[in-house]
Each structure stands twice: as C-alpha cells, then as structure tokens.
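> Build me a structure from this.
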Amino acid sequence: MLFKEKLKTVLLQTRALRFRQWMLPRSAVILAYHSVTTDWRKQADYINRGISTDAERFDDQMRTLRREYNPVTLDNIADWLRGTQSLPPRSVAVTFDDGFADNYDVAAPIMEKYNIRGTIYLTVNAVQRQELPWFCRAAFLFQQAKIRKTVLTDTETKRIWNLGNPQENHDAFVHYCYPCAKLVGEELQNYIEKLETWFGFHLDLNNVHGMMTFDQARKLRQQGHIIGNHTFSHGNIAHIQQEFLYQEIAEANKILEQELGEPVEHFSYPHPCLEPQWNNATLAETKKLNYKTAVLTNFGLVTRSCLPLLLPRIMISNQDNKEFRWKLETALAGIQT
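Here you go, the predicted model:
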C-alpha cells in the first residue's frame, strides 16, 4: 500500500500520465456528485456517506478543476459530440443527481467562486412533494435499525431479520431495495410506508432540509447552470413496468418544463440498484424527447464514439485533493482506478 501511494504521488507530481493523455484522441470527463454538505453527520442517517462530499473538499476539488483542467458544460459536450464545437484538452463537466437542497445552498456558491457551471438533475416527485427520495427513507430505517439492534419480522414472509448485525442489516437493505427500484409513484410510496410500519419508526420529513425547490432551480438556471430530468420516482427505469415508462420520463419532463418555462434537454438515469440501468425502451423514450445528452453511472471517458444518450461518468464523493486529481488524471488517460 505504501509503495502504491508513493507511486501515485510520483505520477501526479511528474505529470507522467499526461503523456498518455496526449496520445489519446480528444475526450472529456463527466463528474457525478450527489450531496455537498457542511455537516455530513447531520444527514448520515439518510444520505449515505458514499454519495456526500464535504463542502471543504468540494471547494478544493473545484479550485483544482479551475486551475488544472478546463471546466465545460454538458451543452458544450453535446455540441462537441455533434461536431459543431471543439473542446479544449482536459475538459471536465460537473453534474449532480437527485436535486438535494444543498446543491443550491452549498455547492452552487462554491462553484460560483471558480466560475464553474454544472448540471443538476431533479427527481421530480421528490421536489414536488418536498420529500426526500425513497432511498433516503429506506437508508434511515436500516441505519436506525442497526443502532437500535432491531429484530424485524417480515409479516408477509415471516422471515426474521437481526438488523443489529451489520451483514444481516446490509442483506436486508438490499433485499427490500430491489422491489423499491421496480416501483413508481403511489405504489412506491405505499411500499415505503409499509416498511416504516414494520419498523415502527420513520424519518421525520418535516425535520430535514432535503430537496431544492423549483424556485431555486429557476435561480440556478439564471446563474447559468443546467437543470435536467432524473425521472419522476427515482426507480430503475430499465426494470419498471413498461406502462409507467412514459410517466417516469416524459411526464416528469413536462412538469420540469412547465416549472422552468423552457425546454429540458438533459437526462440522468437513476441507478439505486439492479442492473442494467437502461434498455432499448428507455433509449427510445429519451430519443423521442430529443434530449441532447443522457448520462449513466457507468465509469468511462467521453469520446467522439460515445452515444450522446448513453454517456459514462466518473463518480465523485469525499475524495481529498490528491485522490480527486488521481481519479481525473487516470480517467483522462483511459485507466479505471
């Protein structure tokens, strides 16, 4: 481990990876964030640490992005893929999934410091209802159950889960998230409420600063950020029933356009669990809506050979500046780390 860290430091200091980047065709990186927080402990019960970035770390990352790379937008990347615009070397776009309020309160002011514009994808139903998405509510149940050493009896299957045991807690979390990812709208709401009844407690949605508002989304547009669609319910749309696909993408898009007063041209595939996260039906739906881009959570470098409606991204969370630079430099060199 010590050798690997020393090698990493040497490669970053000598900029050796840039030689490989120079040999590759022009490319871009799309970064994927979720929550940017000033105090992760306050939200640790319902926003997984793996999708939250400390404000100080995010500030360091944006400073590095401005100094060592070329920040671009998804509109720039879309035009480049169409052949109507060139991209500078080491181009990087910033995106945020879900639409958490801290994207407006915390992330946007930091990005403003460095003149960086991003894309924020809204989970439409969560923003409309001003409630955290289902996966946050589920995370709260299992996190609290671990602390309380809850023994859960599934009243339908009669299975007993010892949720104080970390491994059994994890297995149960996955077990109950799979059906959530296949549901939408009221069916999803009812399923989560059923789980909360079994557990005997729930996340107080009135006591958390969860989702940004449509008014805040409009203000972000005025500042030059892009607002995109992250579906209506945040399920895995490759696994939902076919008749709900229109509602999850097109109807959600219509609501966003009515709220923003302008076309919504970018889409992000939710990936709460299950594989794959897209299929031919979802691809056809995004084509019908004439999206400029649709992004995945699959790791990868964006090249001219990529399909604009199936773009890979690099997942970012709470990396320190060295790890952030390592992730970017290796990605631009075509290396997955």
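
> Which neighbouring elements make contact with the helix-or-strand element of the chain with minimal mean pLDDT?
The weakest-scoring helix or strand in the chain, judged by mean pLDDT, DSSP states H and E, is helix 2-14 (a mean of 82). In terms of contacts (3 or more C-beta pairs under 8 Å, 6 or more residues apart in numbering; DSSP states H and E), helix 2-14 is packed against helix 321-332. (Glycine included, C-beta is placed from N, CA and C.)

> so what's the backbone phi/psi at the residue positioned nearest the centre of the chain?
Centroid-nearest residue in the chain: residue 97, 3.2 Å away (criterion: C-alpha atoms, centre = their mean). In terms of degrees, to the nearest 10, the main-chain angles of residue 97 are phi -90, psi 150.

> mind listing the helices in the stretch 101-250 of the chain by residue range?
Ranges of helices in the stretch 101-250 of the chain, per DSSP state H, counting those that start in this stretch, are 101-102, 108-113, 124-129, 134-148, 166-181, 185-199, 214-222, 245-246.

> Just tell me which of these ends up closest to residue 79.
Comparison of the helices of the stretch 101-250 of the chain against residue 79 by C-beta to C-beta identifies helix 214-222 as nearest, at 18.5 Å.

> tell me what the closest one is packed against?
Right, helix 214-222 is packed against strand 119-122, strand 226-229, helix 252-260 by 3+ C-beta pairs under 8 Å, 6+ apart.

> Could you rerun that using 10 Å?
Counting contacts by 3 or more C-beta pairs under 10 Å, 6 or more residues apart in numbering; DSSP states H and E, helix 214-222 packs against helix 108-113, strand 119-122, helix 124-129, strand 226-229, helix 252-260.

> and the first one, what's its mean pLDDT?
Per-region confidence: helix 108-113 scores 98 on mean pLDDT.

> contacts for that helix?
By C-beta atoms under 10 Å, 6 or more residues apart in numbering, the list of residues contacting helix 108-113 from outside reads 36, 55-56, 58-63, 65-66, 71, 94, 96, 102-103, 116-118, 120, 212, 216, 219-220, 223-225.
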